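Visitor: Starting from these lines, generate the structure:
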Amino acid sequence: MKAAVCYEFGKPLVIEDVTLSGPGDRDVKVHLAATAVCHSDIHDWKGELPGGLPFVGGHESAGYVEKTGAGVTSVKAGDPVVVSLLVSCGKCYYCAAGLPHLCEHRFDPPPQPRVHNKKGQSLELKGNIGGFAEYAVVDESQVVKVPKDMPLEQAALLACGVITGFGGVVNRAKVRPFQSVVVMGVGGVGINAIQGAAYVGAHPVIAVDVLDSRLKMAMDFGATHAVNGKREDAADAIKKLTGGRGAEFVFVTVGSVAAIKQGFTFTALRGTMVLIGLPKYTDQFSFSPLDLIPTEKNIIGGFMGATNLKIDIP
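Guide: Sure, this is the predicted structure:
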């Protein structure tokens with residue numbers, strides 16, 4: 001099969017023939033029809049996230065099941081499926097607690113490398129998928145059947161961007177009706193966080209970005225207010241829209257330490273800032289205990305929308 005391989009950080013991907021092994025007993029081979037490009041893929045390509053070279057990127061895909069291992073029961077050949085990076089064993093503490101996105105084995109590589117180039121060199125597969133290729137072999141837990149009439153270019157977005165944003169609001173933060181929400185960054189994840197906030201009945205739902213085109217889209221997806229951070233002071237605008245208090249929930253979907261620090265100023269007393277966007281793995285930020293203790297503010301992470309694939313996607 002052909003795959004787009006990264007041999008040097010920041011350099012053009014090399015499209016070449018590679019060999020794919022498997023599937024094993026619990027594996028599913030998928031003929032990929034679509035793979036979305038996430039900002040994390042750009043981080044990977046630049047060498048800004050953990051991992052080595054060479055690798056095949058792509059971790060939110062959709063396609064048709066080509067073949068299954070003997071132990072696979074949830075899908076069969078011909079089924080249209082979403083393919084996500086969320087590997088879960090179904091047996092560990094977190095899986096048993098209903099938190100398969102936190103599975104203790106979620107980042108484990110496959111027992112044996114699945115893809116090799118013509119030189120016999122093994123290729124790392126981002127998200128245990130390597131979606132920038134014609135086929136992928138993945139664990140059964142990573143695939144979910146979708147309706148046959150669903151366009152697979154749209155279905156691929158469910159594998160990461162949609163569930164990360166929507167689930168970050170609904171599952172991780174558990175926002176309730178009439179609670180105030182700010183979403184920083186109206187990209188693929190942010191737009192779905194806005195959709196999630198509208199779904200649960202949050203109010204106001206304030207979108208913050210620097211592009212009017214994105215802010216217009218945010219309003220179409222359920223935002224009640226849009227703030228262009230280039231043209232106005234976002235902190236002042238948010239305070240005016242929240243009775244001077246700030247927002248009860250602030251979702252930082254931008255992978256930026258500066259955005260995190262700014263988001264903290266948008267957060268109300270006892271409010272919660274949810275970090276969703278991935279910065280570079282070398283980035284760090286700090287807060288004084290006095291920023292947290294007297295304000296009772298919360299800072300939490302949100303990974304993949306706290307999603308249970310088998311429940312949330314179908």
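
Visitor: Name the nearest residue to Phe303, sequence neighbours excluded.
Guide: Counting by CB to CB, 6 or more residues apart in numbering, Phe303 lies nearest to His101, which is 6.1 Å off, once chain neighbours are set aside. Quick note: C-beta positions are derived from backbone N, CA and C, even for glycine.

Visitor: What is the burial count for the one you found?
Guide: 24 (other CB atoms under 10 Å).

Visitor: Which strand residues bridge Val227?
Guide: Val208 (DSSP bridges).

Visitor: Tell me how many other residues surround the closest residue in space to Thr73 that isn't next to it in sequence.
Guide: Spatial nearest neighbour of Thr73, chain neighbours left out: Glu140 (7.8 Å); criterion: CB to CB, 6+ apart. The tally of other residues near Glu140 (other CB under 10 Å) stands at 20.

Visitor: With the one 10 residues further on instead?
Guide: The burial count assigned to Met150 is 13, neighbours taken as other CB under 10 Å.

Visitor: my guess is it meets Pro80, correct?
Guide: Yes: judged on CB atoms under 8 Å, Met150 makes contact with Pro80 at a distance of 6.9 Å.

Visitor: The residue nearest to Phe303 falls within a helix, correct?
Guide: Yes: according to DSSP: H, G, I helix; E, B strand; the rest coil, His101 belongs to a helix.

Visitor: What separation do you get for it and Met304?
Guide: Distance, His101 to Met304, by CB to CB, to the nearest Å: 5 Å.

Visitor: Same question for Ala247.
Guide: On the measure of CB to CB, Ala247 and Met304 end up 23 Å apart.

Visitor: Looking at the two, which is more packed in?
Guide: The neighbour comparison of Ala247 against Met304 (other CB under 10 Å) goes to Ala247, with 26 against 21.

Visitor: Tell me what the more buried one is bridged to.
Guide: Assigned bridge partners for Ala247, using DSSP bridges, are Thr267.

Visitor: My read is that it contacts Thr265, right?
Guide: No: the pair Ala247 / Thr265 is not scored as a contact, 10.6 Å apart, by CB under 8 Å.

Visitor: sorry, back to before: isn't the residue nearest to Phe303 right next to Ala306, touching?
Guide: Yes: at 5.8 Å, His101 counts as touching Ala306 under the criterion of CB under 8 Å.

Visitor: Tell me who's in contact with Met1.
Guide: Asp17, Val18, Thr19, Leu20, Ala133, Glu134, Tyr135 (CB atoms under 8 Å, 6 or more residues apart in numbering).

Visitor: scratch that, Leu152
Guide: Here Leu152 is in contact with Ala33, Ala34, Ala62, Gly63, Pro80 (CB under 8 Å, 6+ apart).

Visitor: Strands of the stretch 151-300 of the chain, start to end?
Guide: 181-184, 205-209, 225-228, 247-252, 267-275, 298-301 (DSSP state E, counting those that start in this stretch).

Visitor: so of these, which one's packed in deepest?
Guide: Among the strands of the stretch 151-300 of the chain, the stretch with the highest mean neighbour count (mean count of other CB atoms under 10 Å) is strand 181-184, at a mean of 31.

Visitor: what sits up against it?
Guide: 169, 175, 190, 193-194, 197, 202, 204-209, 218, 223, 238, 247-254, 259, 262-263, 266.

Visitor: Now do the contacts for Cys89.
Guide: Contacts of Cys89 (CB under 8 Å, 6+ apart): Cys95, Cys103, Glu104, His105, Ser141.

Visitor: Which two of those residues have the greatest separation?
Guide: Glu104 and Ser141 (13.0 Å; CB to CB).

Visitor: Compare neighbour counts for the two and give me the winner.
Guide: Ser141 (22 against 13).

Visitor: Phi, psi for that one please.
Guide: phi -70, psi -20 (degrees, to the nearest 10).

Visitor: What is the neighbour count of the residue nearest to Thr242 when sequence neighbours are not counted?
Guide: Spatial nearest neighbour of Thr242, excluding adjacent residues (CB to CB, 6+ apart): Ser180 at 5.1 Å. By the measure other CB under 10 Å, the count of residues near Ser180 is 24.

Visitor: and if you look at Asp149?
Guide: Asp149 - counted by other CB under 10 Å - has 6 other residues nearby.

Visitor: For the closest residue in space to Leu292 that isn't next to it in sequence, give its distance to Ala173.
Guide: Distances taken as CB to CB, 6+ apart put Ile299 closest to Leu292, at 7.7 Å, once the chain neighbours are dropped. Spatial separation of Ile299 from Ala173 under the definition CB to CB is 12 Å.
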